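> What follows is a predicted structure for the sequence shown.
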Amino acid sequence: QVQLVESGGGLVQAGGSLRLSCAASGYIFRPNVRGWYRQFAGKQRELVATITSGGTTNYADSVKGRFTISRDNAKNTVYLQMNSLKPEDTAVYYCNVEDYGLTKRVYWGQGTQVTVSS
């Protein structure tokens, strides 16, 4: 089993920055993909950014140039640096891991609230 714990959410003014962290406990197989997703009130969860175990990144168009995903494999932690935040970034942010051992496994964190005031 893998457990994911997010931190770093909060309230920030538009134009500000936040850094989210997602620490994983338990063994994660390689290859794997670590990701951040967000869920707006009353909407489905959507992709924000992913990073593979090889370091390849992928971003939603809405956050390209503003958000940066990174990972520290030694700490089993993934980060989401969010700059130039907008009120429309307000959502609950979830981290996720998909790993590929004998079977595909998917785990989710509990979520952290990000609120951007105008």
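Arrived safely, thanks for sending. Numbering: from 1, shown residues only.
> What distance do you get for the residue of the chain most remote from its centre to A24?
When each C-alpha in the chain is compared with the mean C-alpha position (CA atoms, centre = their mean), L102 comes out farthest, at 24.8 Å. Using CB to CB, to the nearest Å, one obtains 19 Å as the distance from L102 to A24. In short, each C-beta sits where N, CA and C put it, glycine included.
> repeat for V116
In terms of CB to CB, V116 sits 26 Å off from A24.
> neighbour count winner among these two?
More crowded of V116 and A24, by other CB atoms under 10 Å: A24, with 22 against 19.
> Beta-bridge partners for that one, please?
A24 has these beta-bridge partners by DSSP bridges: L4.
> List the contacts of the closest residue to R105 other than its chain neighbours.
Distances taken as CB to CB, 6 or more residues apart in numbering put D99 closest to R105, at 5.3 Å, once the chain neighbours are dropped. By CB atoms under 8 Å, 6 or more residues apart in numbering, the residues touching D99 are 2, 28-33, 105.
> Equivalent analysis for L18, please.
Contacts for L18 (CB under 8 Å, 6+ apart) come out as 8-10, 12, 82, 85, 114.
> pLDDT value on the closest residue to T50 other than its chain neighbours, please?
Nearest non-adjacent residue to T50, counting by CB to CB, 6+ apart: G35, 3.9 Å away. Confidence at G35, expressed as pLDDT, is 97.
> what about V2, distance to Y59?
Using CB to CB, V2 is found at 24 Å from Y59.
> same question, C22
Counting by CB to CB, the gap from C22 to Y59 is 16 Å.
> If you count neighbours, what's buried in the longest strand seen in the chain?
Criterion DSSP state E: the longest strand present in the chain is strand 91-100. Under the neighbour-count criterion of 16 or more other CB atoms under 10 Å, strand 91-100 has 91-99 buried.
> mind listing what the residue lying closest to G9 once chain neighbours are set aside touches?
In space, G9 comes closest to T112 once its chain neighbours are excluded; the distance is 3.3 Å by CB to CB, 6+ apart. Going by CB under 8 Å, 6+ apart, T112 touches 6-9, 20, 92-94.
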